[in-house]
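Asker: coords below, sequence missing:
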């Protein structure tokens, strides 16, 4: 790229010895100031420019950019001079990922060389020359080798282990809750009035049914039937799309498949992604069932309304429907609400968007830089709140 530069009009320039002789003259400071501000001024200089930006990035860190920009004139002959100018940014930038480190590096270096006459032309200092930018940005070294199908294959062998989970696969809601779960409570209920003394044994049957069907506080729960395109990956920190599997596999009713997310080795075990489910219209919900083949994840459930999900998980438009939980089981049932009155009140409202946010991976899913690990969410089920 070639640039034509023009300096501000100044009086005819005197030879260097005369300038030195006039150091005591009041006008010598003015001439020097003009040369310092002139990008093609015939003056050796080594200035530094520092810029500090506060509240930068998702973690509200401080970014600092120090520009080293030496100006070196090269005298070709008495009539012509080449003015070189280099700008090298030294950048201290907070990470945009959920990591505690603050990376330091260099930005792209800009070099310019202007050919300028030694003396002003009609009161103007003119210069023409190229401006080049050198890519001195450090290259990313984090390998990305997502292998979602392998995690899904592992899920096939592991999901069948917990036998008490099978009846709660109400991700196929029209079949499980209506024809299987509902008759069981109906059968055990008459036993209580017939033999009151054996009522103590009745909870044994109820306990089994409780683990297989409803969240606490719901008499006849029924998992919502979701559209096949209701689920999407929630990726507010713009990780590579290849890091994630198909989110629709988390609501297809098949526990042998699931949505996967790569665990970045550079920040592991921390994570900052999840799944958003769009219910199209606000619904009042009481609980969420989560099935995974990577137990030990730290998850939290949020709700929001609007035309689209909030662009950041820290946006106050998201309402926390559950506390941050370490789910150690392959099948977890998360009841909405919390220990505070505010959390319980928020859980009673209707929401269109439900986000399952993963903030940390289990140690078993971290992997190595050469072979990063994955976490998996195989099934998500949402339960309506009981009408009072």
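Answerer: That came through, no problem. The model shown is predicted, which means the values in this text are computed figures rather than measured ones.
Asker: can you give me the helices for the protein?
Answerer: Shown for the chain, the helices assigned by DSSP state H span residues 16-21, 26-37, 148-159, 183-188, 191-194, 202-212, 341-347.
Asker: Could you tell me the least trusted of the ones you listed?
Answerer: Ranked by mean pLDDT, these bottom out at helix 202-212, with a mean of 37.
Asker: burial measure for the residue lying closest to residue 304 once chain neighbours are set aside, as a count.
Answerer: Nearest non-adjacent residue to residue 304, counting by Cβ to Cβ, 6 or more residues apart in numbering: residue 353, 4.6 Å away. (C-beta placed from N, C-alpha, C; glycine too.) Counted by other Cβ atoms under 10 Å, the residues lying close to residue 353 total 23.
Asker: Which pLDDT value belongs to residue 353?
Answerer: Residue 353 is assigned 95 on the pLDDT scale.
Asker: For residue 87, which residues are in contact?
Answerer: 67-69, 109-111 (Cβ atoms under 8 Å, 6 or more residues apart in numbering).
Asker: From those residues, list just the buried residues.
Answerer: 67, 109-110 (16 or more other Cβ atoms under 10 Å).
Asker: For residue 31, state which of those residues is nearest.
Answerer: residue 67 (25.2 Å; Cβ to Cβ).
Asker: So for the strand ranked longest in the chain, mean pLDDT?
Answerer: Looking across the chain with DSSP state E, the single longest strand is strand 270-291. What strand 270-291 shows for mean pLDDT is 93.
Asker: Okay, buried residues for that strand please.
Answerer: Per 16+ other Cβ under 10 Å, strand 270-291 contains these buried residues: 270-279, 285-291.
Asker: Give the pairing partners of it; include direction for each.
Answerer: strand 231-234 (antiparallel), strand 331-335 (antiparallel), strand 350-360 (antiparallel), strand 379-384 (antiparallel) (DSSP bridges).
Asker: so which of those is the most packed in?
Answerer: strand 379-384 (a mean of 23; mean count of other Cβ atoms under 10 Å).
Asker: If you count neighbours, what's buried in stretch 366-382?
Answerer: For stretch 366-382, by 16+ other Cβ under 10 Å, it's 366-367, 372-382.
Asker: Is it possible to get TSV of the buried ones among the contacts of residue 87 that adds pLDDT and distance to residue 314?
Answerer: Output for the buried ones among the contacts of residue 87, formatted as TSV (pLDDT from 0 to 100; distance: Cβ to Cβ, whole Å):
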residue	pLDDT	distance to residue 314
67	91	31
109	91	35
110	91	35
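Asker: In contact with residue 49: list those residues for me.
Answerer: Per Cβ under 8 Å, 6+ apart, neighbours of residue 49: 66-67, 69.
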